[in-house]
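>>> Quick one, what's the 3D model for this:
(chains A and B)
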Amino acid sequence: MADGAPPPRLQSRLAHLSGTLLLHAESAALYALSPAQAEEMETALRSGDRAAAAMLARLGLDAAEPALPEQGAPPPVRALALTVSQACNMACGYCYAAGGAFGGPQRQMPSGVAKAAVERLVADAPPGGTVQIAFMGGEPWMASGLIRDTVAFARRRAGARAVKVGFAMTTNATLLREADAEFLAEQRFAVTVSLDGDRAANDRLRPMAGGAGSFDRVAARLGPLSARSDRIKLSARVTVTPENLDIPATVAALSDLGFGSVGVSPMLASPTGSGALGAAEFPLLLEAMTAAGEDWLAATIAGRPHAFANLATALGELHRGRPRSHSCGAVRDYLAVDAEGNYAACHRFVNDPLGGMGDLSGGPDVAARQRFLAERQVEAQADCASCWARRLCGGGCHHEVLHAGRPACDFVRGWLDFAIGAYGRLMAARPGWFADG
Amino acid sequence: MTDTPDRKIRPLNMAARQAEPDLPAYPEPVLGNSVATLMDSGVGNCFPGLEFDLRQLDVRFFPGLVFAFPGVTPDGPDGTQGAQLVYADTTGDPVFDEAWPWVQDLAQKLNGPEGSALGSGQWYLHYVEQKGRRIELYDISVWQNALLYTPYEGEIAWWIIRLIERSADPAEADLAIALTQRDPQGQPMGVPVVLTGKRRAYLDGEGMIPDVYHPGELTASMCSPWTHDFRDCACQYWASNHPDVVLGEVPDPNDRGRMQSGQEIPDRTSETDPLQPVSFLDWMRRRTDPAADVQAATTIDGARPYRYDPYEINLHWQELDFVLQGQEANVTPDGELPAADPDVAGPSLPAICADLRDNLGPLEFILALRYLYATFSIRAPEEVTAAEAAAWPGLADDLRAARQILLSVAISEMTHLRWVNQMLWSLTALRPDVLPAYRPVVGPTSGHADPEHSLSLDPATPGIIEQFVALERPGGDIDTEYAQLVKHLREEDGYPPGLFQLAVRIDSDGLQHYHKFRDVHAILAPYSELEHLYLRGVTLADPSDAAVAPALKLLEAAVAALQDGYRAEAETARSNADRAASEALIVEARDIMHLLWEKGEELAKQRIGIPFFAPFRGGCGG
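As a prediction, this is how the structure comes out:
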C-alpha cells in the first residue's frame, strides 16, 4: 500500500467496495454508488458484517440468497485435452509436466486412444452442440501425424452427428513449419504459444532440451502462423516466475513479435520446486500486473489494440458477472486424456492420482467427477467463506490448491480490486467495449 | 431492513441487471427443428409440396402393414422389386382403436395365423382389389407354355397403390389385398395371405397427419433437398422456394478495397457496372457462359440455353448464390448496415412535400402524356399490310408489344400521379401544423413553380426511346426524389406504415419503367432505319386546329374530374363513409380517358398528334 492510504479495512464476506463500485459478493453483481453512498458503505464495511448487511439492505441488496450449489450428475464433457505427446524438445525447469512426461516415461498417445476419446466426446454431445479438442503435451507437435489424423477423424465423426468441433493447441512452436501453419489455419485452430518474455528472459527460463535458447527459434517459426491470423487464433502464454516479473516489458516484446494476445500466468506450484513465486514476490507481481493493466486500459480507451489479455478476460468475466462455484470448467466441462487412455481432471492432473477420472474403457467416471466437483466447489472451502472475491475467483486452480495451497489470495484480491476499478473506468469511457451479447 | 431500497444505485454488470425482475434469460440453447422445416412452411406452388416424400404416406396405405417400394437395382431386376412388406403390426396404429367390424376382423387376422405367416420370410404385395377390379402387381407373359410373372418395380407399384380410393363410409371395408412370397426367380409362390380392409386416411378430421407416421418417416427417403432429383417427380420445382430472377451482387460498402479495384466477380457479372444493381439476372444462369451477365430472358425458351437444366443443379449447386432480399450474396453479410452520415440531414417534410407538389406530381402527369403521345405514334398491328407481313413476319407482334409496353408505362405514370396526390393529402392531414392545405396536383405545373420539365411531344423514334430510358434510369432524378421520401417516412416516427409502403411502391415501380423502355428499344431496333414500317408519321397539330379540339376538351374534362375526385377523396381520407362520392368522380375521369384514347387513335391514324399541353400553357408545342 502506498503511503498515506487509509488502513486496510476488514475483509467482508458480503461485499467489496472499489472506489464507488460495489461488488455484491454472493451474486457477483456490480453496482455504481453515489459518492455519499460509497462513503456510508465504506464505514459500514469497516464496522463489520452486521453494519455491512444493514447498509446493503438499505440499497435493496439484502434479498439475494446464496446460489444453490450444483446438484446431481455433471453434464457430458464438452472439451477434451488430448495429451498426445508425453515428451518435449524443451527443458523448462518449472514445467507442470516435468519435461513433458509427467514424471513417467516419455511416450506418444496411440492413435486408437485418441480416436476412442474423440468418439466418446462426440457421441456424448447433443446434436447441434459444440465440442472442443485441445492438443497438449509435452510438446504436442512432436505427435503431429497423430494430430492430423485425429482432426480428420473428429471432423468426420462430428459431421455425422451435426456436432460442431473446435481445435486448440498449446505449443512451444519450435517445430512448426509453413505447411503445418497452413494445416492449423485450415482447421481454424486456436494456437497458444508458450513464451516467457524477451530473448534474454525467455532463453533463461525456456531452454531447449540441449540447453540452447529457444527465443530465436520460436520467432523464426511465428511468421507462417501470424501470416494466417485471420484463420488461426494466435496467442502467447507467459509463465511468470521470479525471473521475468517485468510484465509490461514482456507484453511489449511479445506484441512486437506479432502476438495480438498475450496472457500471463503466475507460477505457483512446480514439480521441481524451481521457478515458483514466493510470498516476497506477490506484491511485485501485483505491481507488474497493474502496470500492464494500466497500459491496456489507456490503449483500449484510446481505441488502440493492446495485447495484454488478462485484464480483457477479467473485465469480460466481471461484466458477465456469473457467480462461480469453481475457478474453471475442469471436470465439469473439461477433462484430459493421457496416452494410456486415463481421464484426468485437466491437463495438469495427468498421471496425478488426485485427479483421476476413470478411463476410456468405462468412460469418464461420473461418481469421481461428482465427488471432485462437490469437494472442490468454493462453497465447500473453509478458507474462502470469508472472502469477498470467492464468487469471482471460484476458489483457485484445483491443481495449485491441491499441491501448493492458496499462497496468493492477497494477490488475487488485489488484482480483482484493480480489475473492478478498471471496469468502472472503461464502462464510463468506452461502454461499447462491453458487448452485452 | 424495512427501509425502502435506495433506487439510486445503478446496476452495472449483467449479473446486477439480471437481478432485476422480468428479464428473461435463455441459459441453454434450444435444440430442435427450426420453423422452416414444418410442413406448413413448405413450397407454396406445389401440392403437397416437396418438403416430404409423398410416397412415404403410402408405405402405410393398408392398416397394420408397412411397405417399401424398392426399384430395380443397378444390376437389373432381381425379383425383389415392387411393394415389399416391411412388417405387419397393429400396435401403435390408431385405426385399430376403432370399433368397426372390419377393423376387428383385420386385427384378428393380423394377430392370428395370417399375421404369423407374414412374420417370417419376405412377402410382397401381389394384388389390390377394389370395386370388383383387381390389379396384379406383375407383368404377366407366356413363355414356353408357362406364365412368367415379372414384378413391377417399386414406382409402378406405388402408382397402383395411389389409385386406390377411400370410401367415405368408415364402416365399409372395400379394399382387398393379397400378399405372396417369391421364389428366387421372382415368381410368386405359396399360399397368398388375403386381407380385407380400407385405405388409410392420410389426414385426420383436423387435417393432421396421424401419429402412425413416426418422426422423420415422411422425409426418410429423401435425399438432401438441395440435390433433389427433379426428373423423379417430373417437375421443375426447387425443393424449397427459390428465386427465378435476382439482382446481381453489388459492392459491399464495408469492403472498399475490393470495390476500388473494380474486381470482376468470377461469373462475369461486374460489381462496377452501374446497371448491375438493377438488372435482373437468371438465378439459374450458367455461371461460365459468356451470356451470364446479361439480363434474364423473358421467356423459358429464351432463357433455356443459358441456364442450368434442373438436374444440373446437382452438379453446380455450389455456384448458386444465396439470395438475400432479392440480391445475390456470395459473402456473409457484415450484419451492420453502413451508418447514415449524421451530418447530412435529409430534407425537411415541407421541402419534400413542396417537391412532390411542384416537381414530381407535374412530372408524372407530363410523362404520362409524353408516353401516350409516343404510343399513338406507333402503327397498330392491324395496319400492317399483307406485303409488309410477308417481308417482316414479326412486325405485327412487335408493334403490338411496343404499344402495349408504352401504354402500360403511361398508365403507370397516371397511377403514380394518384399516389403523389394521396401522399400529399395524407401528409397534410397528419401534419397540418407544418404543411399547407392540400390542393390536387393534376397538370404540367402546380401553379407554384415551373418545374421546367420538357413538354415536348414526340413520336417513338429510337432517339426518343433512349431519352425515355435515360429519364427512368435508376439513380436519376426521379427515383432519387422518391428515395428521399422513403427515407423520411422510414426514419421519422409518427407516420402510418401504409404511407411508407406507398412511397416504396412508387420508388420501386420506376425500376420496371426503366426495364420496359429498354425492352421497347430492343423490340423496335430492327426497324430503326425504316420508320415508315413502324411509325404512323404523326405530326403535332396546332392547338387551334379544329380536328384536335374535341380531344383537348376530353383531356380537360378528365383533368377536372380527377381534381374533383382527389379533392373529394382528400376530404374523406379519414373515413370510408363518403368514399363512394369520390369514387364516382374518379370513375368518370377514367371513362373520359378511355374516350380520349379512342379519339387519339382516330386522330393518329390521320397522322394528327394531339398537343396535350396546350390547354395548360395556352399554346404549348414541341
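>>> Do me a favour and get the backbone dihedrals for residue A:228.
Per-residue torsions, residue A:228: phi -110, psi 30 (degrees, to the nearest 10).
>>> dump the residue contacts of residue B:195.
Shown in contact with residue B:195 (Cβ atoms under 8 Å, 6 or more residues apart in numbering or on different chains): B:62, B:65, B:106, B:109, B:110, B:114, B:176, B:177, B:178, B:179. Just so you know, the C-beta spots here come from the backbone N, C-alpha and C atoms, and that holds for glycine as well.
>>> Show me those that map onto helices.
Among those, DSSP state H puts B:106, B:109, B:110, B:114 in helices.
>>> is it true that residue B:601 touches residue B:380?
Yes - with contact defined as Cβ atoms under 8 Å, residue B:601 counts as touching residue B:380 (7.4 Å).
>>> which one of the contacts of residue B:195 is nearest chain A?
Proximity of the contacts of residue B:195 to chain A (Cβ to the nearest Cβ) peaks at residue B:65, which lies at 31.6 Å.
>>> Let me know how buried the nearest residue to the closest one once chain neighbours are set aside is, in neighbour terms.
The shortest distance from residue B:65 to any non-neighbouring residue, by Cβ to Cβ, 6 or more residues apart in numbering or on different chains, is to residue B:88 (5.2 Å). Counted by other Cβ atoms under 10 Å in any protein chain shown, the residues lying close to residue B:88 total 22.
>>> cool, and residue B:97?
Counted with other Cβ under 10 Å, residues neighbouring residue B:97 total 7.
>>> dump the residue contacts of residue A:168.
Going by Cβ under 8 Å, 6+ apart, residue A:168 touches A:132, A:133, A:134, A:135, A:189, A:190, A:191, A:192.
>>> who touches the fourth one in this structure?
Same thing as residue A:135. Neighbouring residues of residue A:135 by Cβ under 8 Å, 6+ apart: A:81, A:82, A:84, A:143, A:147, A:150, A:167, A:168, A:169, A:170.
>>> would you turn those into JSON lines with distance to residue B:607 and pLDDT?
Below are these laid out as JSON lines (distance: Cβ to Cβ, whole Å; pLDDT from 0 to 100):
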{"residue": "A:81", "distance to residue B:607": "91", "pLDDT": "95"}
{"residue": "A:82", "distance to residue B:607": "90", "pLDDT": "95"}
{"residue": "A:84", "distance to residue B:607": "92", "pLDDT": "92"}
{"residue": "A:143", "distance to residue B:607": "92", "pLDDT": "92"}
{"residue": "A:147", "distance to residue B:607": "86", "pLDDT": "96"}
{"residue": "A:150", "distance to residue B:607": "86", "pLDDT": "96"}
{"residue": "A:167", "distance to residue B:607": "81", "pLDDT": "96"}
{"residue": "A:168", "distance to residue B:607": "84", "pLDDT": "96"}
{"residue": "A:169", "distance to residue B:607": "86", "pLDDT": "96"}
{"residue": "A:170", "distance to residue B:607": "90", "pLDDT": "94"}
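>>> Which of those fall in strands?
Members of the contacts of residue A:135 lying in strands (criterion: DSSP state E): A:81, A:82, A:84, A:167, A:168, A:169, A:170.
>>> got a list of what the closest residue in space to residue B:415 that isn't next to it in sequence touches?
Of all residues not flanking residue B:415 in the chain, residue B:509 sits nearest, at 7.9 Å (Cβ to Cβ, 6+ apart). Taking Cβ under 8 Å, 6+ apart, we find residue B:509 in contact with B:412, B:415, B:416.
>>> quick one: pLDDT of the second one?
In other words, residue B:415. Per-residue pLDDT puts residue B:415 at 88.
>>> excluding its backbone neighbours, what's nearest residue 363?
The chain I'm using is chain A. Nearest residue to residue A:363 in three dimensions, chain neighbours excluded: residue A:120, at 6.0 Å (Cβ to Cβ, 6+ apart).
>>> hmm, I had chain B in mind actually
Leaving aside its chain neighbours, residue B:363 sits nearest to residue B:453 (5.3 Å; criterion: Cβ to Cβ, 6+ apart).
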